[in-house]
Every structure is written in C-alpha cells, then in structure tokens.
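Engineer: here is my input; please provide its structure:
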Amino acid sequence: LLTPVGLLAAVRAVREARRPWVAALVGILALFAGLLPPYIYVYVVATTSDPRTTPMWIEAPTVAGVFFHFRRGAYGTLSLAGIPVKSDPLGNLALFARGFVRQMLGMPLVVLLAAGVALVRKQAQALPPRVLRSRLALGAAFALAGPVFIARFNLPFHGAGPTVAERFYLFPEVVLTVMGALSLDALVPWLMARDGLAAALAAQAGLAAAILTVPEVLEHNRPTVEIYLENTLRAAPADALIVGTGDHRWGGFMYLRYALHMRDDVLYIVPGTMPQAWYRHDVEAMTGVSLETPSHKPVGPKTLMARLLATGRPLLYTDWPDPELEGMPHYSVGTLMRILRPGESPPTPEALEAMNLEAFSEYEIEPTLPKDPNGWGYSLQDDYARAWGELGQAYGKEGNAVKEQECYARAAAFAPWRVRRTPD
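Structural biologist: Prediction:
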C-alpha cells in the first residue's frame, strides 16, 4: 500500500549510492531476510504440532500451505474478509471519513486546507522537481492505503464489522501524519518556527486526544467477552461440542482450551472455517466423523449438524452460523442452544426455567451493559437474553401471561435492544 513512497525511496537510494548494483542487491536480500524467517518458523511448528494440543490458524505443513497463507488464500487475496458480504464503496468511505477526521483531531481538514491554498496560490510551480515528486508519491500512497483500499472492504456495517475495519485506518493515518506536518509548515510557518510554542501545542493536542479516547478505550477493554466465555464453559455439559461464529468466540475458546486448559473436554467448532481443508481435517480427527463430501468439499450446515449429533456428544450452538438452521428443534439453557435429537422432546417451560435459574446462578454478571453496538461484547448479550426470550414465548403459548412477562423482563435486563415487549 505504500508502494509509491517505497519505490521512490528505493530508486533514489540506488541512484545516490556509490555502487548502485550493490545497493540494489542488498535491498533485495534484506527483503527476503525479513520475509523468510517467520514463514520458516510457521512451517517448522506446523510440521511438528498436534491439533489436540497446539492450535493452528493455517495449514503450513507444506510449502504450498505456507504460500497459501502468504497470499491470504483463506480470505481472498484481494478481499479483506472471507465472508459472503458485498463491498459497499460509498458506505465504506463514509464510515472511514467519520472515523478518520475524529481520530486525527481534524488533521485531514488541515491537509485539505493546505492543498486548497497551494492550488489557489499555484505554489506547486515553485517547488523543486525533487520535492514535487516526493509530495505526489506521498499523496499517491495515501490514496492507495486509504480510499482505494478501504472502498474494497467487504465487512458488514453492523456488529463488530466497523471495529474490524477501523484497525486498517492506521495505514492512511500514518501517511497523513507526514502530510499534516507539511501542511502546518505551509499554513503557519511562524508557529512552526517557535519551538517552545509548537512543543506546548503538540503536548496539548496529545493530552486532548488521550482524554477523548479514554471512554472508548475503557469500553473496548471491558471483560465482557472473557466473562461470556467462562460463563459458557462453566455451564456446558461434559464432552460438549459447541458450534458458533465470530473471531471473539473462536479465539477466546481456543485460548481457554489451549492456554488455560479450561474444559479440555469441550470442543468449539466454527463452520465458517470448514472450507479450509486443514481445519476440517483437524476437527474430523478430534470428533471421529467425516465432515466433507465425496468431492472433498465441506458438508452443508444441516449435514454438519447431523454428523456432529452422530458422535453421541452433546451438541450446542452459541448462535446460528447459517439462516438455514434457524428453527431447528432446540432448547436454550444459559448462553447455549442445545440441539434436540430425532424423537427427543424439549423440557417443559417449568423445568427449563429451573435449568436456566441454576445456570445463571453460576454465571458472573457485569453490573453494567456494554454501550458500543460495534464492540465485541455487545452482541454476546443477545446470547444471555435468548434463553429467557424463548422461555417467555413458551409461557405465552400456554397462556401464562405473568410468567411470560417475567421472562421477557429478565431477557431485557441483558439485551434491552432485543426485547420490545412490555407488560399490558
């Protein structure tokens, strides 16, 4: 993404070196020296690891697997995420513009002002060609790392999508810091010439940025995800298979299993990663069932559910990975939906309520709810509320209005944005 600036710097370095060919050769060798060691390390770890004890994110026991990882084959080399979401260029750029200006304390507006003043005054004509080419390369790098790259994002605008996208704004923001410095030099040279005043203003700007970001940092560092994961495992039945979506769930459960050795008997499965053969084979090894078609493709969501049920282990879902599964026979206890086997009946509402009261009595509950709808922990509240919402529906079908509203009130305590029903 920084190719324009990088190429300009490389060409100038080679041209100005006493021995250009030596400089070019050293640069190429340095590039490979930086790239190879991490991938050699991954290759060695992958070829000696056991999926039951060592979590792996990629298939790297082969050189082809390492190259597949290098080109981001699992996500699509030219796409940001491996999910079926179409890119919305205008929506992505609007989201970027709002966050960009706020995070940079208005610096993009300063750069635009400086560029406008330079055009009006025709200052570019007075610049030495070397300086002009440098600034054009800087602008091209910003355009490539910013608007061009961000317009291609294929992330949803709800849930944690904007939070994931936001981390990539750092690329153009790094470039903009240099452009901002040049803009201040051009607009207020008298201020930049006073070192003491410039240093004081820089310190005040840094302090203001820190103050403005404290609430956001505190919100995103809540223990909501950690508490959810521990609560879920605490109430999960022995030897359970848990199926769900989301990096926060998958990464969190992997950490608890492999690093903290919490509930090693429970296996978390992510259907969205099944298209990757390495992951599919790891899950097959740990469940003892085939999860692919005769043509070596991943099975569909309903077939996956049926084959996992065939293991005889309790099968539970944190959320539905595919709309096709919504409405499958189940009952919810705590944050998990337990899938019913053929011929199995769900517990009565009274029995299910007792099961949930027992499960929630063992949970750690935060005193306040998450506030950021794009935070990782916000949507997890829905999993807590779901059990009480479904129980409220069951009591409603029986005509027990008191219990129905009581359950809806409990659901609203966890996710008020999901519960709209109020007592008559």
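Engineer: average pLDDT across the top helix by length along the chain?
Structural biologist: Longest helix in the chain by number of residues (criterion: DSSP state H): helix 20-48. What helix 20-48 shows for mean pLDDT is 80.
Engineer: and what of stretch 210-229?
Structural biologist: For stretch 210-229, the per-residue pLDDT averages 90.
Engineer: buried sites along it?
Structural biologist: Judged by neighbour count using 16 or more other Cβ atoms under 10 Å, the buried positions of stretch 210-229 are 220, 222, 224, 225, 227, 228, 229. Quick note: C-beta positions are derived from backbone N, CA and C, even for glycine.
Engineer: return the list of helices and strands in contact with the host helix or strand of residue 196.
Structural biologist: When elements are assigned from DSSP states H and E, residue 196 belongs to helix 195-220. In terms of contacts (3 or more Cβ pairs under 8 Å, 6 or more residues apart in numbering; DSSP states H and E), helix 195-220 is packed against helix 189-192.
Engineer: from the chain's centre, how far out does the helix it packs on sit?
Structural biologist: How far helix 189-192 lies from its chain's middle: 42 Å, per Cα atoms, centre = their mean, to the nearest Å.
Engineer: neighbouring contacts of it?
Structural biologist: 184, 185, 197, 198, 201 (Cβ atoms under 8 Å, 6 or more residues apart in numbering).
Engineer: got a list of what the second one touches?
Structural biologist: Right, the one you point to is residue 185. residue 192.
Engineer: repeat that for the last one.
Structural biologist: Applying Cβ under 8 Å, 6+ apart, one finds that residue 201 lies in contact with residue 191.
Engineer: just the buried residues of stretch 210-229: which are in strands?
Structural biologist: Members of the buried residues of stretch 210-229 lying in strands (criterion: DSSP state E): none.
Engineer: re earlier: make CSV out of the contacts of helix 189-192 and add pLDDT and distance to residue 275.
Structural biologist: Formatted as CSV, the contacts of helix 189-192 follow (pLDDT from 0 to 100; distance: Cβ to Cβ, whole Å):
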residue, pLDDT, distance to residue 275
184, 89, 49
185, 88, 51
197, 87, 58
198, 85, 54
201, 87, 52
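Engineer: what's the closest of these to residue 31?
Structural biologist: The closest of these to residue 31 turns out to be residue 185 (Cβ to Cβ; 32.5 Å).
Engineer: confirm that the closest one sits in a helix.
Structural biologist: Yes: judged by DSSP: H, G, I helix; E, B strand; the rest coil, residue 185 forms part of a helix.
Engineer: where's it relative to residue 137, distance?
Structural biologist: 18 Å (Cβ to Cβ, to the nearest Å).
Engineer: next secondary structure element downstream of the helix or strand bottoming out on mean pLDDT in the chain?
Structural biologist: When the helices and strands of the chain are scored by mean pLDDT, DSSP states H and E, helix 63-70 comes last with a mean of 75. Heading C-terminal from helix 63-70, the first helix or strand you meet, by DSSP H and E, is helix 89-103.
Engineer: got the buried residues for that next one?
Structural biologist: Quick answer for helix 89-103 (16+ other Cβ under 10 Å): 92, 93, 95, 96, 100, 103.
Engineer: give me the element the spatially most central residue of the chain is part of.
Structural biologist: The centre of the chain sits closest to residue 164, judged by Cα atoms, centre = their mean, with a distance of 4.4 Å. Residue 164 is located in helix 161-167, with elements delineated by DSSP H and E.
Engineer: next one: that helix to chain centre, how far?
Structural biologist: 7 Å.
Engineer: same question for stretch 321-329.
Structural biologist: 23 Å.
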